[in-house]
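**Student:** Using only what follows, build the 3D model:
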Amino acid sequence: MKRRFSPDSTMHVYQRSMSGFNIFYSLDDFLVFYTIVAVQARKYGITLLGLCLMIDHIHLLMSATTLSAMSRFISSYTSIFVREFNQRTGRKGPLFKSAYGSAVKQELKKIRSAIAYLFNNPVEKLLCSRAEAYRWNFLAYHMSANPFSKPIGSPSRKLKMSMKIVDESVKNCRYLKYALIETIYKGLDHNEKEYLTDYIICAYFPFDSSRLISHFRSYEDMITAINSNTGNEYEISERHYCKSDTAYREIINCLRKHGIQDMKDCITFPIEKKIHYTGILKTKTSASYTQIRKFLHIPKEKQNT
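**Tutor:** Take a look at the predicted model:
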């Protein structure tokens, strides 16, 4: 089908992973993807209003001057992230479905509904009770520089060095790679890590807050509207899976008890080992077979092996 597009109008873009596989396993996955999107948005002149990173799919609210610019932006950040992710995990092949969903939002009512829909994704999956309580929809950052961390009056020498590396990366339009993230977080305590995460998000912040909030009377009014209405999306074909995403936390805790520290290691386990852990996870967690398959990257044809 021919893709509908209107220059500078608000577009809701939706991306799914191959076979529904999980994409984001840990902090570094979120940050690598986020900083890539931020850098590429500036490169292609994209105006971003919203981004929501869910465990197995992605939502964006954006506008572009041309369909070509939007397509090149999506293609670029997708290919860069998949390359980084594959190098990090040792997997091969595409991670996202080649076709992405998109819908033009022009009337104020539809734009507001799309805003509520995007930011409420984690609420619908029971990851939080209010939209602004989820770090990876970036909603809280429109009004606060450290919504998920405590202010640090006198940063340690290590934290200062990490912040300087982030500043230089932003200045030179470089996204954060996995190895660099590991370096800048090494040696920090829990509070410093939380502070640095907030610092990175704000340093790369690619969103047009004024334009987003302009669809409401104020930021407070927008928050109230988002938390009062989940919004809807009838113009994009999106698969809905009603199970709560909290089951993935159970999976992680269970696998850690079995000696697995880096969850992305599961992706390249031999199929026999994946099937072995499927039995354990089905017994020890509330996760469904589908959620376990997605987490372990088990092809659908192997699910019932």
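
**Student:** Please state the backbone phi and psi of residue 151?
**Tutor:** phi -60, psi 140 (degrees, to the nearest 10).

**Student:** Find the nearest non-adjacent residue to it, please.
**Tutor:** residue 195 (7.8 Å; Cβ to Cβ, 6 or more residues apart in numbering). Just so you know, the C-beta spots here come from the backbone N, C-alpha and C atoms, and that holds for glycine as well.

**Student:** Contacts for the helix or strand harbouring that neighbour next, please.
**Tutor:** Secondary structure assigned from DSSP states H and E places residue 195 in helix 190-204. The contact list for helix 190-204 (Cβ atoms under 8 Å, 6 or more residues apart in numbering) reads 27, 31, 34-35, 38-39, 135, 138, 141, 145-152, 155-156, 158-159, 162-163, 166-167, 170, 176, 184-185, 188.

**Student:** So residue 48 is in contact with residue 41, correct?
**Tutor:** Yes. Contact criterion Cβ atoms under 8 Å: residue 48 and residue 41 qualify, at 5.3 Å.

**Student:** Stretch 120-127: how far from the chain's middle?
**Tutor:** Offset of stretch 120-127 from its chain centre (Cα atoms, centre = their mean, to the nearest Å): 13 Å.

**Student:** Which segments of this structure make up each domain?
**Tutor:** 10-145+205-228, 157-203, 247-302 (automatic domain parsing).

**Student:** just the ones you listed: most buried one?
**Tutor:** domain 10-145+205-228 (a mean of 18; mean count of other Cβ atoms under 10 Å).

**Student:** gap between the two ends of it?
**Tutor:** 22 Å (Cα to Cα, to the nearest Å).

**Student:** Could you point out which residue ranges in this protein have low pLDDT?
**Tutor:** 1, 237-242, 302-305 (pLDDT under 70).

**Student:** All the helices of it, residue numbers only.
**Tutor:** Taking DSSP state H as the test, the helices found in the chain are 27-43, 67-89, 108-119, 121-124, 157-171, 178-185, 190-204, 209-213, 219-228, 247-257, 271-284, 289-296.

**Student:** Check the gap between the residue lying closest to residue 135 once chain neighbours are set aside and residue 37 for me.
**Tutor:** Closest residue to residue 135 apart from its sequence neighbours, by Cβ to Cβ, 6+ apart: residue 148 at 5.5 Å. For residue 148, the distance to residue 37 equals 19 Å [Cβ to Cβ, to the nearest Å].

**Student:** can you check residue 15 too?
**Tutor:** 11 Å.

**Student:** now residue 251
**Tutor:** 26 Å.

**Student:** just to revisit the earlier point, how about TSV for the domains of the chain, with distance to residue 235 added?
**Tutor:** Shown next, in TSV, are these (distance: least, Cβ to Cβ, whole Å):
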stretch	distance to residue 235
domain 10-145+205-228	4
domain 157-203	29
domain 247-302	25
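
**Student:** I'd like to know which of those is closest to residue 3.
**Tutor:** domain 10-145+205-228 (6.2 Å; Cβ to Cβ).

**Student:** Let me see the contact set for residue 48.
**Tutor:** 37, 41, 60-62, 206-208.

**Student:** Just the ones of those in strands?
**Tutor:** Among these, the ones falling in strands (DSSP state E) are 60-62.

**Student:** closest to residue 111 among those residues?
**Tutor:** The nearest one, if we look at the ones in strands among the contacts of residue 48 relative to residue 111 and count by Cβ to Cβ, is residue 61, at 8.3 Å.

**Student:** And the closest one, how far from residue 135?
**Tutor:** Counting by Cβ to Cβ, the gap from residue 61 to residue 135 is 18 Å.

**Student:** Next, count neighbours for the residue nearest to residue 135.
**Tutor:** Using other Cβ atoms under 10 Å, residue 148 has 15 neighbouring residues.

**Student:** Next one: it from residue 198, what distance?
**Tutor:** 6 Å.

**Student:** next one: residue 171
**Tutor:** 19 Å.

**Student:** Adding distance to residue 54, write the helices of the chain out as CSV.
**Tutor:** Shown next, in CSV, are the helices of the chain (distance: least, Cβ to Cβ, whole Å):
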stretch, distance to residue 54
helix 27-43, 11
helix 67-89, 15
helix 108-119, 10
helix 121-124, 6
helix 157-171, 25
helix 178-185, 20
helix 190-204, 17
helix 209-213, 19
helix 219-228, 16
helix 247-257, 10
helix 271-284, 20
helix 289-296, 12
